[in-house]
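Chemist: sequence and predicted model, in that order:
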Amino acid sequence: MRRKTTLRELLSFKPKKGPGFEIKPTFYLSVMAAKMPLPSIRQVVEPQGENGAIKGFGVPLAGNKEDLERPMERGVYAIASMDRKTVLRATVISKEEAGFDPEPFLRSELAAELSEEMRSRMRSTWTLIQITFESFDPEVYPAVLFALAVAERIALLTEGLVADPVSQVYKMPGDLISAPPENAHLNAADVVHARHKVTDGKHHIFTLGLQKFGLAELEIQGINPVNDALAVTFLLNVAQLSLNGLGVEVGNTLGANEERQFQVTHGGLDKTIWQGVEAYELIPQGTEDVNTVLVRWVRESD
């Protein structure tokens, strides 16, 4: 009986020292707070992690110690991890100041995947809290998980919603952090989202989110709609390899049979999607249709 082949074994890669990537300034999260007053910074982050707070340190950049116990208000807060290797900047602004109007988005195709609860929370937004990185742990993974945890905590306390603008995805508190695959520090699905564009009846599936780490986004074209879910799974698995620091690069191949593989090539030709963003396209190495190779990849890697 043939041994099952793992995706990691199917990829030819060049190991890199450390994670091989960093957090780019484009990585930020926005919490849409639907409940007022806002929680105090101590309810969000606290050295002992009391009452569900995230372990760490928080301080308003303009104020005094007493403000730690008061509801957060318009202004800027610094939030640091316990080891102080990661420092976040939380900027609190009103929806009016941000020019936030959810209705145009909620009428768009991008909102189709939102649940009624998510739509309700978006419409109920009072305040936005934007979370960016002032500094981050060189290992990257702890910094990302800390930021996700802080955003999730604020959303939980404010009955809000978390937006990841680069990945073009919105999440409920409780959905931001999931268990990573074996031998991984971070689940790609927590920071990368797959979208599609229809061209001549075929789907162009692509990732959004890897660019937040200075990594190339991934795309695969000519997908029959019936194979959309397979293509998304495939791309997220390859994205996981990138986030595991395994060096997905042009020239890599994916597949159990040397003559029936996907090859990583330069992509990004559709400038309506990739203006200023690097992308790699995954194409069949031989002459077979992309859908045939994709279905076989799934069978061989299960």
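Modeler: Cool, the structure landed. Numbering: from 1, shown residues only.

Chemist: mind jotting down where the strands sit in the protein?
Modeler: For the chain, the strands defined by DSSP state E cover 29-33, 57-60, 75-80, 87-94, 127-135, 161-164, 169-171, 193-199, 202-208, 217-223, 253-254, 262-266, 279-284.

Chemist: pick the most deeply packed of those.
Modeler: strand 29-33 (a mean of 26; mean count of other C-beta atoms under 10 Å). For glycine as for every other residue, the C-beta is placed from the backbone atoms N, C-alpha and C.

Chemist: that strand pairs with which strands, and in what direction?
Modeler: Strand pairing for strand 29-33, determined by DSSP bridges: strand 127-135 (antiparallel), strand 161-164 (antiparallel).

Chemist: okay, those in TSV with distance to residue 209 and mean pLDDT next?
Modeler: Shown next, in TSV, are the strands paired with strand 29-33 (distance: least, C-beta to C-beta, whole Å; pLDDT from 0 to 100):
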stretch	distance to residue 209	mean pLDDT
strand 127-135	15	98
strand 161-164	7	98
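
Chemist: can you add distance to residue 283 and give those back as a markdown table?
Modeler: A markdown table is the format used below for the strands paired with strand 29-33 (distance: least, C-beta to C-beta, whole Å):
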| stretch | distance to residue 283 |
| --- | --- |
| strand 127-135 | 34 |
| strand 161-164 | 28 |
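
Chemist: in stretch 110-121, what's buried?
Modeler: 114, 118-119, 121 (16 or more other C-beta atoms under 10 Å).

Chemist: quick check, nearest of the residues you listed to residue 90?
Modeler: Checking the buried residues of stretch 110-121 against residue 90 with C-beta to C-beta, the nearest one is residue 121 at 19.0 Å.

Chemist: now do the contacts for the closest residue to the closest one other than its chain neighbours.
Modeler: Among residues not flanking residue 121 along the chain, residue 161 sits closest, at 4.5 Å (C-beta to C-beta, 6 or more residues apart in numbering). The neighbourhood of residue 161, defined by C-beta atoms under 8 Å, 6 or more residues apart in numbering, consists of 31-32, 34, 118, 121-122, 125, 155, 170-172.

Chemist: quick check: residue 161 vs residue 74, distance?
Modeler: Residue 161 is 20 Å from residue 74, where distance means C-beta to C-beta, to the nearest Å.

Chemist: can you check residue 176 too?
Modeler: From residue 176 over to residue 74 the distance is 25 Å, taken as C-beta to C-beta.

Chemist: neighbour count winner among the two?
Modeler: residue 176 (22 against 11; other C-beta atoms under 10 Å).

Chemist: shouldn't the more buried one be in contact with residue 189?
Modeler: No. Contact criterion C-beta atoms under 8 Å: residue 176 and residue 189 do not qualify, at 10.5 Å.

Chemist: contacting residues for residue 217?
Modeler: Per C-beta under 8 Å, 6+ apart, neighbours of residue 217: 206-211, 268, 274, 277-280.

Chemist: so where's the stretch 51-200 of the chain uncertain?
Modeler: By pLDDT under 70, the stretch 51-200 of the chain has no low-scoring segment.

Chemist: the helices in the stretch 101-250 of the chain, which residues?
Modeler: Ranges of helices within the stretch 101-250 of the chain are 103-106, 116-123, 141-157, 228-243, based on DSSP state H, counting those that start in this stretch.

Chemist: follow-up on the earlier one: residue 53: which of the contacts of residue 161 is nearest?
Modeler: Of the contacts of residue 161, the one sitting nearest to residue 53 (C-beta to C-beta) turns out to be residue 155, at 14.0 Å.

Chemist: setting aside sequence neighbours, what's the nearest residue to that closest one?
Modeler: Nearest non-adjacent residue to residue 155, counting by C-beta to C-beta, 6+ apart: residue 173, 4.1 Å away.

Chemist: ok, the one you found to residue 141 distance?
Modeler: Remark: distance between residue 173 and residue 141 (C-beta to C-beta) = 21 Å.
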